[in-house]
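Asker: take this sequence and fold it.
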Amino acid sequence: MSDEVRKTFSKDNMVIFPTESFLNNKILCYDINYSSGKDILLINNDIEDVIGNIPKNTINLIISSPPYNIGKPYEKKKKFNEYLEWNKCIINKLIECLSDKGSLCWEIGNYVKDGEVFPLDYYFYEIFKEFNLKLRNRIIWNYGHGYHASRKFSGRYEILLWFTKTDDYIFNLDNVREPQKYPGKIAYKGKKKGKPSGNPKGKNPSDVWSIIQNDWDREIWYIPNVKARHVEKTIHTCQFPIALIERLILALTNKNDIVFDPFVGVGSSMIAAIKNNRNVIGVDREKIYTDIAFKRINDYFKGTLKIRPIEKPIWVPNGNEKVAKVPEEWKNKPLWKNINDIL
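Answerer: Numbering: from 1, shown residues only. Purely as a prediction, here's the structure:
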């Protein structure tokens, strides 16, 4: 356990469960087992020990990011084929819990071994197709900061696969519409000739989403990842930004539906669900993380949890800030010299 973890949660202030409370007309339960009738259920246990107890065909949205098998502190690294088989067994059980109108969203990156990249979305797509799920979108989540590679291009994206169980699924387009890029554009032919050509309710973002930047033509969702000074940052090394999950919950579920995250970490998906009046179940084997999730949920109800709003623009330096200025010792380097010549 790192010093940062010890500082955040000591042995004396770890949450004792079972714990149950009533918050804003919602029952919050923190336990090691599944129990029905709870609006917000946080479970500290292995997903394998929990999934069999969740009733079949009851979950409206399963959304998660499984361990990537790259040796993070919260995962036991396996041989790649064993890792895929382990996921396959869990996915099979998850699909049994999913309602016929439900969706499953799987956020994944790349597995890297000896410098070689294995795109996990390729392997997971094959698994989900074995269980007859239908892929509706393959979304690129692009973020600006991360590990700087030296022998390949630095990775700045992850993939989000959205599957449905049937063709009759929930999709609330009006909940996620964006303002039109050109609201004053006039149709020059057809029934709308001479009138605004766009939909007054807003633009259908399709799979070309840009939640933070008003950049309408990129096939990405640009949402800052949770690193360094991000207001949502905890000790978790691979933490979801709440905004990423919130859009999916708004589009793929209705109020009071059940959202389920089988690898919930520090609870970002649970907060996104609670924030939008959904019921939610979250499971994680690491108690240090579920304790933080429990605290974050309580902080949300208290109004003290810091959340980065979806609509907040990404900070762009204007060139006058100290961190944006080129150091004197760099100015004769080829890259910076050429840039100065252009400017």
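
Asker: excluding its backbone neighbours, what's nearest Val280?
Answerer: Ala273 (3.9 Å; Cβ to Cβ, 6 or more residues apart in numbering). C-beta here means a position set from N, CA and C on the backbone, and glycine is covered the same way.

Asker: which residues are contacting the helix or strand harbouring that neighbour?
Answerer: Using DSSP states H and E, Ala273 maps to helix 268-275. With Cβ atoms under 8 Å, 6 or more residues apart in numbering as the test, helix 268-275 has contacts from 26, 40, 42, 63-64, 226, 232, 239-242, 245-246, 249, 259, 261, 264, 279-280, 282, 293, 296-297, 300, 305, 307.

Asker: next one: it to chain centre, how far?
Answerer: 10 Å (Cα atoms, centre = their mean, to the nearest Å).

Asker: take the contacts of helix 268-275 and keep only those in strands.
Answerer: Lys26, Ile40, Leu42, Ile63, Ser64, Val259, Asp261, Asn279, Val280, Gly282 (DSSP state E).

Asker: which element, helix or strand, includes the closest residue in space to the third one that isn't next to it in sequence?
Answerer: When the adjacent residues along the chain are set aside, Leu42 lies closest to Tyr30, with 4.7 Å between them (Cβ to Cβ, 6+ apart). In this structure, Tyr30 is located in strand 26-31 according to DSSP H and E.

Asker: that strand pairs with which strands?
Answerer: In the sheet, strand 26-31 lines up against strand 19-23 (antiparallel), strand 40-44 (parallel) (DSSP bridges).

Asker: name the next helix or strand downstream of the last one, please.
Answerer: Using DSSP H and E, the next helix or strand after strand 40-44 towards the C-terminus is helix 47-50.

Asker: so how far is that following helix from its chain's centroid?
Answerer: 21 Å.

Asker: which strands and helices sit next to it?
Answerer: For helix 47-50, the elements it packs on are helix 80-97, judged by 3 or more Cβ pairs under 8 Å, 6 or more residues apart in numbering; DSSP states H and E.

Asker: what about 10 Å?
Answerer: Here helix 47-50 is seen to pack against strand 40-44, helix 80-97, strand 279-284 when contacts are counted using 3 or more Cβ pairs under 10 Å, 6 or more residues apart in numbering; DSSP states H and E.
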